[in-house]
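A.B. asks: Predicted model and sequence follow; I will ask about them next.
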Amino acid sequence: MSADTTASDRHFAADGNIYEADGSVVGTYQLDEHGHLESTATDEDGDGRVDTVVADTDHNGTFETGVVDTNGNGYGETIVMDTDDDGDFDTAAVDTDGDGTYETVRTDPDGFA
């Protein structure tokens, strides 16, 4: 395994996988045509389901979308988005009780502090 980039104890290998220091696969990543990080998906709790995703959906070099499965049920309970492409997350949704419905949705055109 040849590591291209190191993030803490994780390695982004040339095969598109994200490896823990012990060699286990914890996720995947994709690069755009310019070699910039476009998206990552990780299984933080090792249950075989994706727990975190971040993505550069418009290919401008910044992440516009983030999804986190906070309770490990296979669904994203927390979502943040940059809907106006200014580099700040300005929309968020949170499913506080894990029922698949977002109880809290907030938008701030100036971005969240």
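C.D. replies: Cool, got the structure.

A.B. asks: Any idea how many residues pack against the closest residue to residue 36 other than its chain neighbours?
C.D. replies: The spatially closest residue to residue 36, leaving aside those adjacent along the chain, is residue 61, at 5.7 Å (C-beta to C-beta, 6 or more residues apart in numbering). From N, CA and C alone the C-beta is placed, and that goes for glycine too. Summarising burial for residue 61: neighbours were counted as other C-beta atoms under 10 Å, giving 12.

A.B. asks: Please tell me how far residue 61 sits from residue 92.
C.D. replies: Distance of residue 61 to residue 92, computed by C-beta to C-beta, to the nearest Å: 22 Å.

A.B. asks: Residue 10 too?
C.D. replies: 26 Å.

A.B. asks: In this structure the residue nearest to residue 36 contacts residue 38, no?
C.D. replies: No. In this structure, residue 61 is not within contact of residue 38 by C-beta atoms under 8 Å, at 9.4 Å.

A.B. asks: so where does the nearest residue to residue 50 once chain neighbours are set aside fall, helix or strand?
C.D. replies: The spatial neighbour of residue 50 that comes closest, neighbours along the chain excluded (C-beta to C-beta, 6+ apart), is residue 41 at 4.9 Å. Assigned by DSSP states H and E, residue 41 belongs to strand 37-42.

A.B. asks: helices and strands around that strand, which ones?
C.D. replies: Contacting strand 37-42 under the criterion 3 or more C-beta pairs under 8 Å, 6 or more residues apart in numbering; DSSP states H and E are the following elements: strand 25-31, strand 52-55.

A.B. asks: go again using 10 Å as the cut-off
C.D. replies: Of the remaining helices and strands, those touching strand 37-42 by 3 or more C-beta pairs under 10 Å, 6 or more residues apart in numbering; DSSP states H and E are strand 10-13, strand 17-20, strand 25-31, strand 52-55, strand 65-68.

A.B. asks: what are the pairing partners of that strand, and which direction each?
C.D. replies: Each strand that pairs with strand 37-42, with its direction, by DSSP bridges: strand 25-31 (antiparallel), strand 52-55 (antiparallel).
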